[in-house]
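Asks: A predicted structure for the sequence below; I have some questions about it.
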Amino acid sequence: MTDLDMLARVRLLRAEGKAPKQIARILGLSPSVVAPLVRAVAAERDEIALAPSVVGCWVNQGWSLGLSVDPEQGWQDQTNDDESTAGLVCVLLARRHRFDKVTVCGYLADVYCLGIKNTYGPEVMSEPELHRFQPEFFGAFHGWQTADIQLARHLIFGAVDYARALGFEPQGEFDEVAGLLGPWTGSSAITFGKDGRPFYLSGPYDDPRRILRTLERTAPGQFEFSLAVEG
């Protein structure tokens with residue numbers, strides 16, 4: 001059992017009301033091994049409790065195209081037949097700031113290969129300003145839908161983990177907006193890549209040669225790509 005697996009089991013057992021000694025017996029571990037895991041779970045709960053409340057979270061329609069998603073999560077996608085933006089996911093998150101203001105962050109992820117390509121915020125705005133901003137933020141897509149904050153975490157942090165395994169770090173000011181998603185300690189319930197394989201579709205600001213060299217090193221013979229035709 002990996003450390004992440006143990007943490008997930010402890011998190012579940014604590015949610016069921018089990019005491020640390022009970023958890024140790026159930027998992028067949030010593031109390032000294034279980035204790036720091038219990039503290040980590042408590043710290044997660046404290047962080048969530050202290051975080052400003054979520055006013056809204058949204059994701060583009062079609063976010064699941066090409067991905068495999070654990071059906072037990074119950075996440076639905078109001079998808080359509082247009083695959084022109086397949087592999088790109090936009091998440092918009094708003095948390096309460098104060099009075100009538102909200103703190104807004106946005107994330108653009110290449111869920112097939114590169115991970116986080118750009119970020120937005122954090123920006124403080126009024127709720128009417130947020131509603132006017134949504135169509136602009138999701139302008140490249142055919143629509144957006146309300147998302148569970150857990151789905152947002154699994155999409156964004158999962159895409160980061162997947163891309164890092166391929167040799168790519170998050171772009172934009174990711175460190176400044178990652179915290180608004182809340183804590184991340186697990187593995188994603190989403191299988192990234194196009195149908196489970198890395199797929200690189202070149203963009204206008206990419207360095208395709210560098211990216212393909214990286215993929216040849218980290219996923220030799222396991223990836224596909226498509227380069228945009230210039231002119």
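Replies: Arrived safely, thanks for sending. Numbering: from 1, shown residues only.
Asks: where in the protein is pLDDT low?
Replies: By pLDDT under 70, the low-scoring segments of the chain are 1-5, 43-51, 80-81, 229-231.
Asks: what about the helices in it?
Replies: Remark: helices assigned in the chain by DSSP state H are 3-15, 20-27, 31-50, 127-137, 149-165, 174-178, 208-218.
Asks: the last one - contacts with which helices or strands?
Replies: Packed against helix 208-218, as judged by 3 or more CB pairs under 8 Å, 6 or more residues apart in numbering; DSSP states H and E, are the following elements: strand 199-201, strand 224-226. Any C-beta I mention is one placed from the backbone N, CA and C, and that applies to glycine too.
Asks: can you check the second one too?
Replies: If you count contacts as 3+ CB pairs under 8 Å, 6+ apart, helix 20-27 packs onto helix 3-15, helix 31-50.
Asks: separation between P208 and G221?
Replies: 18 Å (CB to CB, to the nearest Å).
Asks: more neighbours: the two, which one.
Replies: P208 (14 against 6; other CB atoms under 10 Å).
Asks: pretty sure that one is touching L201, no?
Replies: No - under the criterion of CB atoms under 8 Å, P208 makes no contact with L201, lying 10.0 Å away.
Asks: show me the residue sitting in the middle of the chain in space.
Replies: I156 (1.7 Å; CA atoms, centre = their mean).
Asks: thought it was touching V91?
Replies: Yes - the pair I156 / V91 is scored as a contact, 5.9 Å apart, by CB under 8 Å.
Asks: shared neighbours of those two, which are they?
Replies: 107, 109 (CB atoms under 8 Å, 6 or more residues apart in numbering).
Asks: number of residues surrounding the nearest residue to R9 once chain neighbours are set aside?
Replies: Nearest residue to R9, sequence neighbours excluded (CB to CB, 6 or more residues apart in numbering): L27, at 6.2 Å. Neighbour count of L27, defined by other CB under 10 Å: 16.
Asks: which residues sit in contact with L27?
Replies: The contact partners of L27, by CB under 8 Å, 6+ apart, come to 6, 9-10, 13, 34.
Asks: how close does it get to G17?
Replies: 16 Å.
Asks: quick one: G121 and L108 touch, right?
Replies: No - contact criterion CB under 8 Å: G121 and L108 do not qualify, at 11.9 Å.
Asks: can you give me the buried ones in stretch 89-107?
Replies: 89-95, 97, 101-107 (16 or more other CB atoms under 10 Å).
Asks: meant to ask about stretch 109-125
Replies: By neighbour count with 16+ other CB under 10 Å, stretch 109-125 contains the buried residues 109-123, 125.
Asks: swap in stretch 146-163?
Replies: Buried residues in stretch 146-163, counted by 16+ other CB under 10 Å: 147, 149, 151-160, 162-163.
Asks: and if you look at stretch 211-229?
Replies: Here stretch 211-229 shows 211-212, 214-215, 219, 223 as buried, counting by 16+ other CB under 10 Å.
Asks: out of these, the closest to S64 would be?
Replies: Nearest to S64 among the buried residues of stretch 211-229: F223, at 20.6 Å, using CB to CB.
Asks: phi and psi next, for the closest residue to that closest one other than its chain neighbours.
Replies: Spatial nearest neighbour of F223, excluding adjacent residues (CB to CB, 6+ apart): P198 at 3.9 Å. Note on P198: backbone dihedrals following degrees, to the nearest 10 are phi -60, psi 130.
Asks: I'd say P198 and Q222 touch.
Replies: Yes - look at P198 against Q222 with CB under 8 Å: they come within range, at 6.6 Å.
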